[in-house]
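# One predicted model, sequence on top.
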Amino acid sequence: MTELLEKAIAELKKLPDGKQNEVAMMIFKQIQPRTQDKLSSLWQKVDELGTDEEQPTMEEITTIVKEVRHR
(Lines give C-alpha, C1' and ligand atoms only; values in the text may rest on other atoms or scores of the structure.)
Protein backbone atom coordinates (compact mmCIF):
# COMPACT_ATOMS: atom_id res chain seq x y z
CA MET A 1 0.00 0.00 0.00
CA THR A 2 1.35 3.42 -0.84
CA GLU A 3 2.03 6.08 1.76
CA LEU A 4 -0.64 8.32 0.26
CA LEU A 5 -3.26 5.59 0.48
CA GLU A 6 -2.28 4.85 4.07
CA LYS A 7 -2.73 8.55 4.95
CA ALA A 8 -6.13 8.62 3.23
CA ILE A 9 -7.29 5.54 5.12
CA ALA A 10 -6.09 7.02 8.41
CA GLU A 11 -8.23 10.10 7.71
CA LEU A 12 -11.20 7.96 6.67
CA LYS A 13 -11.06 6.12 9.99
CA LYS A 14 -11.84 9.43 11.70
CA LEU A 15 -15.13 9.78 9.83
CA PRO A 16 -18.48 8.44 11.05
CA ASP A 17 -19.42 4.94 9.84
CA GLY A 18 -21.92 6.26 7.30
CA LYS A 19 -19.33 8.47 5.61
CA GLN A 20 -16.79 5.64 5.64
CA ASN A 21 -19.31 3.43 3.84
CA GLU A 22 -19.97 6.14 1.24
CA VAL A 23 -16.27 6.40 0.44
CA ALA A 24 -15.93 2.62 0.39
CA MET A 25 -18.73 2.40 -2.18
CA MET A 26 -17.04 5.04 -4.35
CA ILE A 27 -13.81 3.04 -4.23
CA PHE A 28 -15.60 -0.21 -5.10
CA LYS A 29 -17.30 1.47 -8.05
CA GLN A 30 -13.88 2.45 -9.36
CA ILE A 31 -12.34 -0.99 -8.86
CA GLN A 32 -15.17 -3.33 -9.87
CA PRO A 33 -15.56 -2.18 -13.49
CA ARG A 34 -11.97 -3.20 -14.13
CA THR A 35 -12.68 -6.64 -12.71
CA GLN A 36 -15.84 -6.89 -14.82
CA ASP A 37 -13.88 -5.84 -17.93
CA LYS A 38 -11.35 -8.60 -17.30
CA LEU A 39 -14.11 -11.18 -16.84
CA SER A 40 -15.90 -10.01 -19.97
CA SER A 41 -12.66 -10.28 -21.91
CA LEU A 42 -12.07 -13.77 -20.55
CA TRP A 43 -15.57 -14.95 -21.52
CA GLN A 44 -15.14 -13.42 -24.97
CA LYS A 45 -11.93 -15.40 -25.44
CA VAL A 46 -13.68 -18.57 -24.29
CA ASP A 47 -16.46 -17.90 -26.81
CA GLU A 48 -13.88 -17.35 -29.55
CA LEU A 49 -12.35 -20.75 -28.82
CA GLY A 50 -15.62 -22.31 -29.91
CA THR A 51 -15.60 -20.46 -33.26
CA ASP A 52 -11.97 -21.00 -34.23
CA GLU A 53 -11.71 -24.44 -35.79
CA GLU A 54 -7.96 -24.58 -35.11
CA GLN A 55 -8.48 -24.16 -31.36
CA PRO A 56 -9.54 -27.05 -29.12
CA THR A 57 -13.19 -27.18 -28.06
CA MET A 58 -14.23 -26.76 -24.44
CA GLU A 59 -14.86 -30.50 -24.32
CA GLU A 60 -11.31 -31.19 -25.49
CA ILE A 61 -9.90 -28.72 -22.98
CA THR A 62 -11.93 -30.33 -20.18
CA THR A 63 -10.67 -33.78 -21.17
CA ILE A 64 -7.06 -32.57 -21.19
CA VAL A 65 -7.47 -30.96 -17.75
CA LYS A 66 -8.97 -34.15 -16.33
CA GLU A 67 -6.11 -36.22 -17.75
CA VAL A 68 -3.53 -33.88 -16.21
CA ARG A 69 -5.28 -34.04 -12.81
CA HIS A 70 -5.13 -37.83 -12.80
CA ARG A 71 -1.38 -37.97 -13.37
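Yep, it's here.
# what about the helices in the protein?
Remark: helices assigned in the chain by DSSP state H are 3-12, 17-51, 58-69.
# Dump those helices to JSON lines, plus mean pLDDT and mean neighbour count.
All C-beta spots, glycine's among them, are computed from the backbone N, C-alpha and C. Putting the helices of the chain into JSON lines (pLDDT from 0 to 100; neighbours: other C-beta atoms under 10 Å) gives the following:
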{"stretch": "helix 3-12", "mean pLDDT": "92", "mean neighbour count": "10"}
{"stretch": "helix 17-51", "mean pLDDT": "75", "mean neighbour count": "10"}
{"stretch": "helix 58-69", "mean pLDDT": "78", "mean neighbour count": "10"}
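# What residues does Glu67 make contact with?
The neighbourhood of Glu67, defined by C-beta atoms under 8 Å, 6 or more residues apart in numbering, contains no residues.
# gap between Val68 and Pro56?
Using C-beta to C-beta, to the nearest Å, one gets 13 Å for the distance from Val68 to Pro56.
# surely Ile64 meets Pro56?
Yes. Assessed by C-beta atoms under 8 Å, Ile64 is found in contact with Pro56 at 7.3 Å.
# Please report phi then psi for Thr2.
phi -80, psi 160 (degrees, to the nearest 10).
# count of neighbours near it?
When neighbours are defined as other C-beta atoms under 10 Å, Thr2 has 7 of them.
# Quick check, pLDDT for it.
Predicted confidence (pLDDT) for Thr2: 91.
# Roughly how far does it sit from Gly18?
For Thr2, the distance to Gly18 - C-beta to C-beta - is 26 Å.
# Over to Thr63?
According to C-beta to C-beta, Thr63 stands 53 Å off from Gly18.
# Likewise for Leu12?
Leu12 sits 12 Å away from Gly18, going by C-beta to C-beta.
# What of Gln32?
Separation of Gln32 from Gly18 (C-beta to C-beta): 21 Å.
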